[in-house]
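Colleague: Attaching a predicted model along with its sequence, questions to come.
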Amino acid sequence: MTTPEPSVPPGPVPPPGCPAHGMSPDALRRLYGAEAEADPQALYEVLRKEHGQVAPVLLHGDLPAWLVLGHRENLEVMRSPSRFSNNSRLWSMFQQGRVGQDSPLLPIVGWQPICVFADGADHERLRSAVRDGLEQFDRRGIRRYVIRYTNQLVDSFAATGQADLIGDFAEKLPMLVMTQLFGMPEEYGPRLVDAALDLMKGSETALASNELVVDTLRTLAERKKAKPGHDFTTWLIGHEADLTDDEVMEHLRLVLVAANETTVNLIANTLRMVLTDRRFRANLAGGHMTLPDALEQVLWDEPPLSVITGRWATGDTVLGGKQISKGDMLLLGLAAGNVDPEIRPDLQKPLMGNRAHLAFSSGPHECPGQDIGRAIADTGIDTLLARLPDLQLGVSEGELRSSATWLSQRLESLPVRFTPPGSTGGGGKESVNFASTMPGPLPATVPAPVPDASPAGQPKKRPVAKSWRSLFHRGG
C-alpha cells in the first residue's frame, strides 16, 4: 500500500527556480547530498550565519522549504497551530503538482489519517487514542521487558569479548520491546528493524519499506480484532475515539517507526558519549550526574531526530524576520535549536535535569511516548553496563563514523571490547546465537506487569552508580 495521494488537486508546474524563496536553487543549501551528510551540524551553523534563525533550504527534488534554526522560533511554530498547520495537504508543492508519486518524501510528508497531520478537535480525538493506549503500560513492566531483552542480546555476544553496540544492541533492543507492547510475534522484530531504518533514510527503496511495514501492521490489527489482548494494538482498536481501520494501522505505523528511530539513536548517542566524552566520565564517576541526567544531556546535544516535518503556513506571515508565504513548508530544526547561541552561549556547561530541549517537540504535538523511550534507553544502558562493567571503546574515537539523512544523524557502528563475563543468564562460556536464547514462542499478548516486590514506601534500589563507577575506574 502506498501513501494516499494528496486530495488537493494539482495545479500547473511552475517555471524553474524557487518562487517560495525568490532565489535560484544554486543560491540555496540542500538538506541532502554531500554537504548535508558530511556534517549536518556545521551546515546548520552556516545557514544560521547566512540567514539568521530561519533559513531557506531545498529538499529532495529541489523542493523549497524553510528550516527553523532558533530555539524560540521553533517553539513559536510548535505552539501556534492556527498559523502553522500540521495538514500537509496545504503544501504549495502538492498544489502545484511538483511532488511525484515516486518521491522518497511521500512516506514522511504525504497526508495520512493520523494525529501528526491533524489540528484542533480531530487532532485531539486521534491523539487521545494514542496517549491513552501508551499510558496503559506500567513503567516497571516495560523495564522488565527491557532487562530481559538486554540480557538476551548481551548473551549473544558476551563470550567473544567484543561487539558492535549499534548493530548488536542499539538497533535491536527498541524494536524487540515494541513488538511486545504491540502484541506482535517476536519474529516480526528483525524485518521491521530493517524496514524502519530504510524508511527514515528517505532512500529510493523507502516506498517499498513503507509497504512492508503497512502490510505487517494491517495483518496484526486484523488478528487483534479477532482475538483481543492486553496490548497497544487492542487498546487502539477499542478506544472510545472509534478509529477507522486505516486510522488504527497508520497510528501503529507512526508509533512503531517514530519510537524505534528515536530510541535507537538515543541509546547509540548516549553510549558513544559515555565511552568518549570526558565531561560525562567526570560527572558520572563523581556522582554529579545520574544516568537519567546523562540522557537529558544527550537529548540537548544530540537529539534522536535532527529535523522533523513539518508545518505548513496557513497564510502569509513573518517568522524570524522572514516572509513566509501561505502553503510554505517549515522544518523544525531540533538539533539546531538546541544549540542556539541565544539560549546556550556555553555549550560545555552541563544542563542538569533541564528538559527545555526540543528533542520531543512541544505544544499540542509533543511526543506522547517520550517516557517509554527514556525507560528503554535508561534501563537498557544500565543493564548493559552492569553486565559488562569494563566496557571500553574498541577503536580510536576518530575512527567512529556517522551517517546523516535529512531527518537524523546516526552512528554507523560503535565497536567495543570487554572481559567476557562468567556464565550469567545463559552466556559467557561459549558464543550464543541470539535466536537460540529465546525461551520459545512468546505469548501473543502482553501479560499484566508483576507487582513490585519492594516494601511499601521504600523506593526500589538501582545499581546505576556501581556500574557507572566500575566502568570509569577501570579506565574504559
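Modeller: Cool, got the structure. Residues are numbered from 1 along each chain as shown.

Colleague: what about the helices in the stretch 201-350 of the chain?
Modeller: Ranges of helices within the stretch 201-350 of the chain are 206-226, 232-238, 245-276, 278-285, 291-301, 334-338, based on DSSP state H, counting those that start in this stretch.

Colleague: Figure out which of the ones you listed is closest to Pro368.
Modeller: helix 245-276 (8.8 Å; C-beta to C-beta). Bear in mind the C-beta positions are built from the backbone N, C-alpha and C, glycine included.

Colleague: List the buried residues in that closest one.
Modeller: Residues of helix 245-276 classed as buried: 246-275 (neighbour count, 16 or more other C-beta atoms under 10 Å).

Colleague: Please state the offset of that helix from the chain centre?
Modeller: Taking C-alpha atoms, centre = their mean, to the nearest Å, one finds helix 245-276 lying 4 Å from the centre of the chain it belongs to.

Colleague: Next one, pLDDT for Ser403 please.
Modeller: Among the per-residue scores, Ser403 holds a pLDDT of 72.

Colleague: Can you verify it is assigned to a strand?
Modeller: Yes. Assigned with DSSP: H, G, I helix; E, B strand; the rest coil, Ser403 falls within a strand.

Colleague: My read is that it contacts Ser413, right?
Modeller: No. Assessed by C-beta atoms under 8 Å, Ser403 is found out of contact with Ser413, at 10.2 Å.

Colleague: Same drill for the two, tell me which one is more crowded.
Modeller: Neighbours of Ser403 and Ser413, each counted by other C-beta atoms under 10 Å, are more numerous for Ser413; the result is 17 against 11.

Colleague: Could I get the contacting residues of the more buried one?
Modeller: Contacts for Ser413 (C-beta atoms under 8 Å, 6 or more residues apart in numbering) come out as 164, 166-167, 400-401.

Colleague: Redo those residues as JSON lines? Include neighbour count.
Modeller: JSON lines is the format used below for the contacts of Ser413 (neighbours: other C-beta atoms under 10 Å):
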{"residue": "Asp164", "neighbour count": "16"}
{"residue": "Ile166", "neighbour count": "21"}
{"residue": "Gly167", "neighbour count": "13"}
{"residue": "Leu400", "neighbour count": "17"}
{"residue": "Arg401", "neighbour count": "8"}
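
Colleague: of those residues, closest to Tyr188?
Modeller: Using C-beta to C-beta, Gly167 is the member of these that sits closest to Tyr188, with 18.7 Å.

Colleague: Kindly list the main-chain dihedrals of the nearest residue to that closest one once chain neighbours are set aside?
Modeller: Closest residue to Gly167 apart from its sequence neighbours, by C-beta to C-beta, 6 or more residues apart in numbering: Ser413 at 6.6 Å. Main-chain torsions, Ser413, degrees, to the nearest 10: phi -160, psi 160.

Colleague: Give me the distance between Ser413 and Arg272.
Modeller: Ser413 sits 10 Å away from Arg272, taking C-beta to C-beta, to the nearest Å as the criterion.

Colleague: what touches both of these two?
Modeller: With C-beta under 8 Å, 6+ apart, Ser413 and Arg272 have common neighbours Leu400.

Colleague: So, low pLDDT: which residues of this protein?
Modeller: Counting by pLDDT under 70, the chain has low-confidence residues at 1-38, 200-203, 281, 284-285, 404-407, 422-476.

Colleague: hmm, back to that, quick one, which of the helices of the stretch 201-350 of the chain gets closest to Leu75.
Modeller: Ranked by C-beta to C-beta, the member of the helices of the stretch 201-350 of the chain that lies closest to Leu75 is helix 334-338, at 8.1 Å.

Colleague: Name the residues that touch stretch 78-85?
Modeller: 77, 119-120, 311-315, 317, 330, 332, 361-366.

Colleague: ok, 10 Å please
Modeller: Outside stretch 78-85, the residues that touch it by C-beta atoms under 10 Å, 6 or more residues apart in numbering are 68, 76-77, 87, 90-91, 117-120, 123, 308, 310-315, 317-319, 324, 328-330, 332, 337, 358, 361-366.

Colleague: contacting residues around the one residue sitting closest to the centre of the chain?
Modeller: The chain has Thr262 as the residue nearest its centroid, 1.6 Å off, counting by C-alpha atoms, centre = their mean. Residues near Thr262 by C-beta under 10 Å, 6+ apart: 174, 200, 299, 303-305, 359-360, 367, 369-370, 373, 376-377, 408.

Colleague: Please spell out the PyMOL selection for the buried subset of those.
Modeller: In PyMOL, a selection of the buried entries from the contacts of Thr262 looks like this (16+ other C-beta under 10 Å):
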select buried, resi 174+200+299+303+304+305+359+360+367+369+370+373+376+377+408
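
Colleague: Show me the contacts of Thr262 that map onto helices.
Modeller: Counting by DSSP state H, the part of the contacts of Thr262 found in helices is 174, 200, 299, 370, 373, 376-377.

Colleague: Now distance to Gly61 too, for those, in JSON lines please.
Modeller: Output for those, formatted as JSON lines (distance: C-beta to C-beta, whole Å):
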{"residue": "Pro174", "distance to Gly61": "31"}
{"residue": "Met200", "distance to Gly61": "18"}
{"residue": "Leu299", "distance to Gly61": "31"}
{"residue": "Gln370", "distance to Gly61": "32"}
{"residue": "Gly373", "distance to Gly61": "32"}
{"residue": "Ile376", "distance to Gly61": "35"}
{"residue": "Ala377", "distance to Gly61": "35"}
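
Colleague: that older thread, Gly353: which of the helices of the stretch 201-350 of the chain is closest?
Modeller: Here helix 291-301 is closest among the helices of the stretch 201-350 of the chain (C-beta to C-beta), at 6.1 Å.
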